[in-house]
Structures are given as C-alpha cells and as structure tokens.
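K.L.:
coords please:
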Amino acid sequence: MQPKVNILFIEDERNILTFVTKLLYGHNYKVTTAITGTEGLQLINSICPDLILLDLGLPDMDGQTIIRQVREWSDCPVIVISVRTNEHEKVKALDLGADDYITKPFGSAELLARIRTSLRHSTRMNTSSDQTLPPLQMW
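P.N.:
The predicted structure follows:
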C-alpha cells in the first residue's frame with residue numbers, strides 16, 4: 001500500500017480549517033494543521049510535508065514570509081489559499097516561490113485538482129525516470 005501524502009494546512013479561520021481537513025481526510029490524505037505562521041514553520045521543519053496549503057493572512061505573520069523562508073531550503077509545493085484577489089498580491093506570492101494560488105471562496109473539486117497537479121509536478125521533478133534523464137552518450 002502506498003503511503004499517504006502528508007499535507008500541512010496553515011490557516012487561522014477555523015471553519016475553513018475544519019472543512020478542508022475533513023475534505024482531505026476523505027480523499028485519503030494525511031493532514032497536519034497549524035493556525036499561526038510560527039507553528040506552521042515549526043511543523044514544516046519537523047514533519048517535512050509533501051505539500052503545504054497556506055493562508056497569507058495569519059495572525060502572527062504574513063504568509064509571504066513563510067514562502068520566503070521555506071524557499072531558502074525546500075522545494076516542497078506550496079499552494080496559497082487566500083482572500084487576497086489583487087493581481088499584485090498573487091504575482092508577489094508566486095514570484096516568492098508559491099506553486100499555485102487559489103482565492104477564497106473556492107470549490108472542493110478545484111482544490112483537489114490543484115493538489116493533485118502540484119504533487120504530480122513535484123513527483124516528476126524528484127524522480128529519476130528514463131524520461132527525465134539525459135540520453136547516455138557513449139564515446
């Protein structure tokens with residue numbers, strides 16, 4: 001049996017945290033949650049999640065700070081989930097290293113599809129299949 005994908009969800013709105021956590025559990029993901037940026041960073045360092053879902057508006061720090069810090073040492077996929085709809089905010093988060101950006105409110109099917117896509121891309125980048133290796137040169 002394939003091990004469960006471990007998703008860290010950093011979100012301070014309890015209703016969204018509960019809804020998304022139940023949704024992900026229902027689709028066989030392992031979910032760890034944090035309600036502050038500080039707690040989220042500690043969990044990122046200790047559990048090394050397969051994917052991070054990140055709200056930008058956290059009570060103790062801006063989520064962009066978390067993206068910046070994570071990108072200093074990890075290529076773990078980060079999907080931002082935010083009420084910020086301003087194009088400048090989206091571009092800034094993506095330029096800092098977020099892999100995707102979803103605005104609230106969002107649909108369950110869309111969130112699950114974006115998670116699958118991010119995981120597929122990260123798996124492809126982290127495996128050495130014949131498709132990703134350069135051809136063998138013989139002299």
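
K.L.:
Buried residues in the longest helix along the chain, which are they?
P.N.:
Secondary structure of the chain per DSSP state H: the longest helix is helix 108-126. By neighbour count on 16 or more other C-beta atoms under 10 Å, the buried set for helix 108-126 is Leu111, Arg114, Ile115, Ser118, Leu119, Ser122. All C-beta spots, glycine's among them, are computed from the backbone N, C-alpha and C.

K.L.:
Run the chain-centre distance for stretch 90-104.
P.N.:
With C-alpha atoms, centre = their mean, to the nearest Å as the basis, stretch 90-104 stands 10 Å off its chain's centre.

K.L.:
quick one: contacts of it?
P.N.:
Contact partners of stretch 90-104, identified using C-beta atoms under 8 Å, 6 or more residues apart in numbering, comprise 16, 54, 56, 63-64, 67-68, 70-71, 77-85, 110-111, 114, 117-118, 121-122.

K.L.:
other SSEs contacting the longest helix of the chain?
P.N.:
helix 14-26, strand 51-54, strand 78-82, strand 100-103 (3 or more C-beta pairs under 8 Å, 6 or more residues apart in numbering; DSSP states H and E).
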